[in-house]
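Student: next input, structure requested:
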Amino acid sequence: MNEQYTGRMERPLSQTPIVRTVLTGAVRPLGHTTSGIDKRPREGTQRVEANGLVGDAQADLRVHGGPDKAVLCYAWHHYEAWRVDLPECALLAGPGAFGENFSVAGLDERSVCIGDRYDIGSARFIVTQGRQPCFKLNLRFGVPDMSLRVQNTGRTGWYLRVETPGEVCAGDAIALVDRPYPSHSIAELMGLIRTRELRPDVLRPLLALPLPPSWRKLFERRLESGATEDWTRRLQGSDASSTGA
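Tutor: Residues are numbered from 1 along each chain as shown. A predicted model of the protein is given here:
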């Protein structure tokens, strides 16, 4: 697999960050499996609790959802680049193609850092990790290597934990409250995973960050073994469950 970063440069983000669209979805059939990736826009105020938006669902709770992946954010401006890459894809006409709960404007993986705290509506959120794409994106788009494309471009999205439950709605501002780790953007951390970084002097400081258990285990294993993880099941799927997004 070609694991080199292949994303084109996109215009700088300058607007005030907002949630453009709030989306939730039910578990539905997807190819040979099931998934909650098919998110639909919701109007009005939506309640968010510790495990995410009320009414939202995930198919495999071992690897999707839960407190550390309660809300998936995706930058709306990425859609412009995806439409160039996939001009015939009807999914890209509106938000939700990537299974996001918040379609956001004014933020992306380069401008969001791990541990960031944001107030949105009456709720408060913490950035926990980037999304490691899995094979269900291949099924969703009908593109055999879509998960790899998402990984290689760095247009992955990122997850939020709910620190304070509350209500959110489309148009809410995304207000940065605290940034304790300004040197560790989601783009930087995803890049270290994607490029199979193994240098101890690079990886060891990451263990001081508030990593979710899956990422802590990933970096610890790289340090201990001097080798990287096998992405085949996550990116391509198999009879076993994915360990991806």
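Student: show me where this protein has its strands.
Tutor: Counting by DSSP state E, the segments of the chain that form strands are 18-24, 28-30, 33-35, 40-41, 46-49, 52-53, 71-75, 102-105, 117-120, 123-130, 158-164, 166-168, 174-178.
Student: check which residues of stretch 161-172 are buried.
Tutor: Using 16 or more other CB atoms under 10 Å as the test for burial, stretch 161-172 gives Arg161, Val162, Glu163, Gly166, Val168, Ala170, Asp172. Where C-beta positions appear, they are placed from N, C-alpha and C, glycine not excepted.
Student: and the residues you listed as CSV, adding pLDDT?
Tutor: Shown next, in CSV, are those (pLDDT from 0 to 100):
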residue, pLDDT
Arg161, 97
Val162, 98
Glu163, 98
Gly166, 98
Val168, 98
Ala170, 97
Asp172, 98
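Student: where in this structure is pLDDT low?
Tutor: 1-14, 61-63, 239-245 (pLDDT under 70).
Student: return the set of buried residues in stretch 209-225.
Tutor: So for stretch 209-225, counting by 16+ other CB under 10 Å, buried means Leu209, Pro210, Leu211, Pro212, Trp215, Leu218, Phe219, Arg222.
Student: again, but for stretch 40-52
Tutor: Residues of stretch 40-52 classed as buried by neighbour count (16+ other CB under 10 Å): Arg42, Gln46, Val48, Asn51, Gly52.
Student: against Thr128, how distant is the closest residue to the fourth one other than its chain neighbours?
Tutor: The one in question is Asn51. Using CB to CB, 6 or more residues apart in numbering and skipping the chain neighbours, the partner closest in space to Asn51 is Ala70 (5.7 Å). Using CB to CB, to the nearest Å, Ala70 is found at 8 Å from Thr128.
Student: alright, calling it a day.
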